[in-house]
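S.K.: following is a predicted model, sequence given first.
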Amino acid sequence: LGLLAWREAGVFYSQPFGISDLSYFSFAFADPELLPNSLGSVGLSVKQYGFELYSEKTLAASYANSFEKFFFYGVSLGYNHLSIKNYGSAAAVGLTVGTLLLVSPQVSLGFSALNLNRPTIGQTAERLPQSYILGVAYRPEMNLRILFDIEKDPRFPAMLKSGLEYEPVEAISLRLGFSTEPETFSGGIGIHHGAMDINYALSAHADLGMTHQA
């Protein structure tokens, strides 16, 4: 968010493993020009997951700024609403923070913490998912990026992820990815034309099958 040079809006849709009841949709808007005198960037996002029997919705407001344009930091407050048919609904507010350090023109380091305040939801006080992510991006050439990160949810083993993005020409990005816990392979393509970006990805789970994302 802190690196954006102009206003951006985007939509995302995914249907995990081809199951319509698991559909995931999100919309996000970011504005680095709203606040005066370089006071930072702001963003809003809306996410929806599920169907009429089970539905999760999140409305989030985000803020980001930087120190000397090499250390970036951001915070996001998310209002999480859960609804289960015949069982009612509940809500909780989660705090997410993130940092980004531009070590050199070729190397950057990032860290984020999801639901850092450990929010709970409903009468059973079920804790919302938490995760901590530490990652590095390396750009040996202007048209090539190599990425690694490790993600830890306190409830599960650490997940290792890696990715590669290559731009054979300015208008096209080719992407490959791999993750553990669970073991997943992915590939994708991005088309860039003027102010428009269109991205598609396909991920493969050994047991559950394919997931399309756009």
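M.R.: Nice, thanks for sending it over.

S.K.: ok, the helix or strand bottoming out on mean pLDDT in the chain: who's next to it in the sheet?
M.R.: Least confident helix or strand, the chain: strand 126-127 with a mean of 88, by mean pLDDT, DSSP states H and E. Taking DSSP bridges as the criterion, strand 126-127 sits next to strand 120-121 (antiparallel) in its sheet.

S.K.: can you classify residue 201 by secondary structure?
M.R.: Under the three-state scheme (DSSP: H, G, I helix; E, B strand; the rest coil), the conformation of residue 201 reads as strand.

S.K.: and the next element down the chain from the least confident helix or strand of the chain?
M.R.: Heading C-terminal from strand 126-127, the first helix or strand you meet, by DSSP states H and E, is strand 131-141.

S.K.: what's the following helix or strand past that next one in contact with?
M.R.: For strand 131-141, the following helix or strand on the C-terminal side (DSSP H and E) is strand 144-152. Counting by C-beta atoms under 8 Å, 6 or more residues apart in numbering, strand 144-152 makes contact with 110, 131-140, 158-167, all of which sit outside it. (C-beta placed from N, C-alpha, C; glycine too.)

S.K.: how about the residue nearest to residue 161 when sequence neighbours are not counted, what does it touch?
M.R.: In space, and not counting its chain neighbours, residue 161 is closest to residue 179: 4.2 Å by C-beta to C-beta, 6 or more residues apart in numbering. With C-beta under 8 Å, 6+ apart as the criterion, the residues that contact residue 179 are 159, 160, 161, 162, 186.

S.K.: now the buried members of those residues.
M.R.: 159, 161, 186 (16 or more other C-beta atoms under 10 Å).

S.K.: distance to residue 200 and pLDDT added to those, as a markdown table?
M.R.: As requested, the buried ones among the contacts of residue 179 are arranged in a markdown table below (distance: C-beta to C-beta, whole Å; pLDDT from 0 to 100):
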| residue | distance to residue 200 | pLDDT |
| --- | --- | --- |
| 159 | 23 | 95 |
| 161 | 19 | 96 |
| 186 | 11 | 96 |
